[in-house]
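Q: Just to be clear, the model below is a prediction. Sequence and coordinates:
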2 protein chains.
Amino acid sequence: MMKMTPELLAVIAERFKAFAEPARLQVLYELKSGERTVSDLVTATGLGQANLSKHLQQLHAAGVVARRKEGLFTYYTLADRDVLKMCDLMCGRLEKETTARRKALSAG
Amino acid sequence: MMKMTPELLAVIAERFKAFAEPARLQVLYELKSGERTVSDLVTATGLGQANLSKHLQQLHAAGVVARRKEGLFTYYTLADRDVLKMCDLMCGRLEKETTARRKALSAG
DNA sequence: TCACTATATTCCGATGCAGTAAATCAACCT
DNA sequence: AGGTTGATTTACTGCATCGGAATATAGTGA
């Protein structure tokens, strides 16, 4: 485990922040099935183009997505396998809680 | 994989948000070594007491930490093993990037 | 060069959140 | 009951950020 300097804490927090927005999670969810252009994502998510573009910049700056330009289009993809692992881990935590809560309700 | 409703996206984002703040990460880092009272955390982190208390409420609301009252004291702990897994996964991503960048620099 | 399309960027209003100080609450003690 | 201590809550301020509209940039083709 690395030493926890304030700078490192800030960087890690920054990374988590990339995941901490419904719009951005929606984008990641779309990218699960593969590469998408910005327009693809606009129609898939219903987000405004300018807004989406800004979210994509943030995701890219945080190393969450990769991009590739081809002519007029910019193709975005998930940066690596760990991105999905993060989401799955978080969803797993949620599921555990909800099933636990369900159990508690039926038991109580 | 569950269906991605706007509500679910909001909940997941909320969870990530709990990790997306240096002060809160610092708290989690402290709790790695075990149970701590609020005062313990105040001295360990250097955060103001009221401020810290609010961060602890957020972490608790997000299911990241558990608490236990004993007399005047409130003891906080990490809620489960997955909390650390989240952090380790994120740090792993960071390390990969920095080593990759180092390699690119020495190669280029 | 001029138009057209796909993205990115800038500007702005509204909302959210971190931090601090002061007030409040809760448990303990004499 | 009154006082003390640990913790939470409230009120407030300043700063960040989301979303939308308008504008700018860049690549394409006539």
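A: Received the coordinates, thanks.

Q: tell me which residues of stretch A:31-40 are tucked away?
A: Buried residues in stretch A:31-40, counting neighbours by 16 or more other CB atoms under 10 Å in any protein chain shown, are found at A:31, A:36. C-beta here means a position set from N, CA and C on the backbone, and glycine is covered the same way.

Q: how about it, does it reach DNA strand C?
A: Yes. Looking at stretch A:31-40 against DNA strand C by CB under 7 Å from any atom of the strand, the contacts come from A:37-40.

Q: what is the rounded mean pLDDT of that stretch?
A: Mean pLDDT, computed over stretch A:31-40, is 97.

Q: how about the strands of chain A, start to end?
A: For chain A, the strands defined by DSSP state E occupy A:36-37, A:65-70, A:73-78.

Q: could you redo those strands as CSV and give each row distance to DNA strand D?
A: Listed next are the strands of chain A as CSV, based on distance: least, CB to the nearest atom of the strand, whole Å:
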stretch, distance to DNA strand D
strand A:36-37, 13
strand A:65-70, 7
strand A:73-78, 9
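
Q: May I see the ones you listed organised as a markdown table, with distance to chain B added?
A: Below are the strands of chain A laid out as a markdown table (distance: least, CB to the nearest CB, whole Å):
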| stretch | distance to chain B |
| --- | --- |
| strand A:36-37 | 15 |
| strand A:65-70 | 12 |
| strand A:73-78 | 12 |
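
Q: May I see the ones you listed organised as a markdown table, with distance to residue A:4 added?
A: A markdown table is the format used below for these (distance: least, CB to CB, whole Å):
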| stretch | distance to residue A:4 |
| --- | --- |
| strand A:36-37 | 36 |
| strand A:65-70 | 27 |
| strand A:73-78 | 28 |
